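Colleague: quick one, structure for this:
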Amino acid sequence: MPRAADARSVLVLTNLRDLAADDVIRRLDAAGVEVLRMNADDCAREPLPTWSLDSENHAGIGAVWWRQFEIPAEGSPFADPVDELAVVRAQWRAWLTTLARPDIPWVNDLWAARRAEDKITQLRTARSIGFALPETIITNDPRAAADFADRRNAVVKTLAAAYFETSQNGFVYTTALEGALEIPSEAWYAQPVVVQQRVSGVDIRVVALAGRCFGASCETDVLDWRTAGTGARWTQWEVPGPLATLCHQYLRALNLRYAAFDFVLDGERLWFLEANQAGEWVFIDRSLGLGIVQALTSLLVDLAAGAP
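Modeller: Coordinates of the predicted model:
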């Protein structure tokens with residue numbers, strides 16, 4: 001059994017405002033595990049060790065925790081912040097590959113996480129292992145979306161994880177299709193989106209990692225609980241054994257060590273919405289004491305100490 005004393009250092013790729021990273025790093029420090037924290041905010045302002053084909057710059061690193069490593073838009077020096085920031089972020093996404101090596105485990109693996117980012121992969125994988133899915137289409141055609149809505153209430157979502165902090169035009173949160181259809185057709189044509197049957201009920205978040213599942217439930221009167229602010233009140237939710245089995249099958253299918261699953265429980269059936277390979281958990285763990293922080297800390301210690 002790996003011990004903290006056997007662990008090499010843990011590299012945490014994150015940003016200055018990451019509360020989850022703060023919580024885990026405190027526990028890693030308490031366990032005596034060395035932590036190297038790289039904040040995207042700082043990396044974009046100072047020189048980094050230069051990488052070459054002959055110099056890997058990985059000395060002492062036993063595991064990598066890839067959190068929210070995204071260059072912030074605040075104080076952007078760019079004349080056209082949307083276009084230039086997108087270019088800069090693309091360079092940093094590519095730079096992450098200099099840290100990826102087959103002998104250093106990540107949470108989550110860089111390439112597996114990128115594959116799992118888009119909702120098409122999520123939906124296909126979820127269906128293949130037996131989750132119940134709402135009816136869904138992918139389109140940039142408002143007429144096709146309107147035809148879909150003629151037969152059912154529907155919502156519209158982004159096709160990939162959205163981080164449009166400099167944009168006022170992108171679909172970021174789940175939106176009622178009725179309102180989205182009022183947007184000019186040209187805006188629809190600009191990007192494909194997910195149009196999905198609306199399922200009403202209790203929101204469920206399940207965090208799966210290291211063979212365990214942690215659940216919380218929330219009831220709000222808004223379409224997307226993320227827009228409810230302090231009105232989203234979470235309570236602990238016991239994850240049924242069969243659901244936990246499916247969640248871990250999903251992780252194995254996509255070669256992930258961690259994911260945060262979103263479901264809706266309509267009173268009779270649990271519906272899969274998405275599984276975010278970098279989904280947040282600190283907002284339920286701090287208030288409910290679920291034990292996610294300790295489970296994640298233990299996973300990183302084990303990986304840094306050489307566990308498979």
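Colleague: so what's residue 234 up against?
Modeller: 205, 216, 217, 218, 283, 284, 287, 288 (Cβ atoms under 8 Å, 6 or more residues apart in numbering). Heads up, the C-betas are built off the backbone N, CA and C, glycines and all.
Colleague: what's it sitting at in phi/psi?
Modeller: For residue 234, the backbone dihedrals (degrees, to the nearest 10) come out as phi -100, psi 140.
Colleague: state the pLDDT value of it.
Modeller: pLDDT for residue 234: 93.
Colleague: and for residue 89?
Modeller: pLDDT recorded at residue 89 is 81.
Colleague: that one - that's part of a strand, no?
Modeller: No: following the definition DSSP: H, G, I helix; E, B strand; the rest coil, residue 89 is helix and is not counted among the residues of a strand.
Colleague: just how off-centre is stretch 287-303 within its chain?
Modeller: Using Cα atoms, centre = their mean, to the nearest Å, we find the averaged C-alpha position of stretch 287-303 to lie 17 Å away from the chain's own average C-alpha position.
Colleague: on that earlier part again, secondary structure added to the contacts of residue 234, as JSON lines?
Modeller: Shown next, in JSON lines, are the contacts of residue 234 (three-state DSSP):
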{"residue": "205", "secondary structure": "strand"}
{"residue": "216", "secondary structure": "strand"}
{"residue": "217", "secondary structure": "strand"}
{"residue": "218", "secondary structure": "strand"}
{"residue": "283", "secondary structure": "helix"}
{"residue": "284", "secondary structure": "helix"}
{"residue": "287", "secondary structure": "helix"}
{"residue": "288", "secondary structure": "helix"}
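Colleague: make JSON lines out of those residues and add pLDDT, neighbour count and distance to residue 186.
Modeller: Shown next, in JSON lines, are these (pLDDT from 0 to 100; neighbours: other Cβ atoms under 10 Å; distance: Cβ to Cβ, whole Å):
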{"residue": "205", "pLDDT": "97", "neighbour count": "22", "distance to residue 186": "36"}
{"residue": "216", "pLDDT": "97", "neighbour count": "22", "distance to residue 186": "40"}
{"residue": "217", "pLDDT": "96", "neighbour count": "19", "distance to residue 186": "40"}
{"residue": "218", "pLDDT": "93", "neighbour count": "17", "distance to residue 186": "36"}
{"residue": "283", "pLDDT": "92", "neighbour count": "15", "distance to residue 186": "37"}
{"residue": "284", "pLDDT": "95", "neighbour count": "24", "distance to residue 186": "40"}
{"residue": "287", "pLDDT": "94", "neighbour count": "13", "distance to residue 186": "43"}
{"residue": "288", "pLDDT": "97", "neighbour count": "16", "distance to residue 186": "45"}
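Colleague: right, and residue 7 touches residue 62 too?
Modeller: Yes: in this structure, residue 7 is within contact of residue 62 by Cβ atoms under 8 Å, at 5.8 Å.
Colleague: for residue 246, see how far away residue 270 is.
Modeller: 10 Å (Cβ to Cβ, to the nearest Å).
Colleague: so when I look at residue 306, I'm seeing a helix, right?
Modeller: No: with three-state DSSP as the criterion, residue 306 is assigned coil and is not in a helix.
Colleague: where do the strands of this protein begin and end?
Modeller: Secondary structure of the chain (DSSP state E): strands located at 9-14, 35-39, 61-66, 106-107, 136-139, 154-158, 175-176, 193-197, 202-209, 212-218, 234-236, 258-265, 270-276.
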